[in-house]
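In: what's the 3D shape of this:
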Amino acid sequence: MAKKPFALRLDEKMMQAVEKWAEDEFRSTNGQIEWIIYEALKKARRIEKNKGQDLRS
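Out: Predicted coordinates:
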């Protein structure tokens, strides 16, 4: 799967929280953001649960 880069602006406190969460889950910050978005898409039924890359690992 090709990845498309883009700029993301987050509040400093929000970014710190994401970085800490990523560290706790042994993921990169980028990987954590991808996982958060993926989980939100599944919950909203905007993406099929078993399609595409599994970002839970």
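In: which helix is the longest one in the chain?
Out: For the chain, the longest helix by residue count, based on DSSP state H, is helix 29-43.
In: report all helices and strands that that helix contacts.
Out: Secondary-structure packing of helix 29-43 (3 or more C-beta pairs under 8 Å, 6 or more residues apart in numbering; DSSP states H and E): helix 12-24. No exception for glycine: its C-beta is placed from N, CA and C like everyone else's.
In: who touches the helix it packs on?
Out: 10, 28-29, 31-33, 36 (C-beta atoms under 8 Å, 6 or more residues apart in numbering).
In: in it, what counts as buried?
Out: 18, 22 (16 or more other C-beta atoms under 10 Å).
In: one step back: ok, of the contacts of helix 12-24, which come out buried?
Out: Buried by 16+ other C-beta under 10 Å: 32-33, out of the contacts of helix 12-24.
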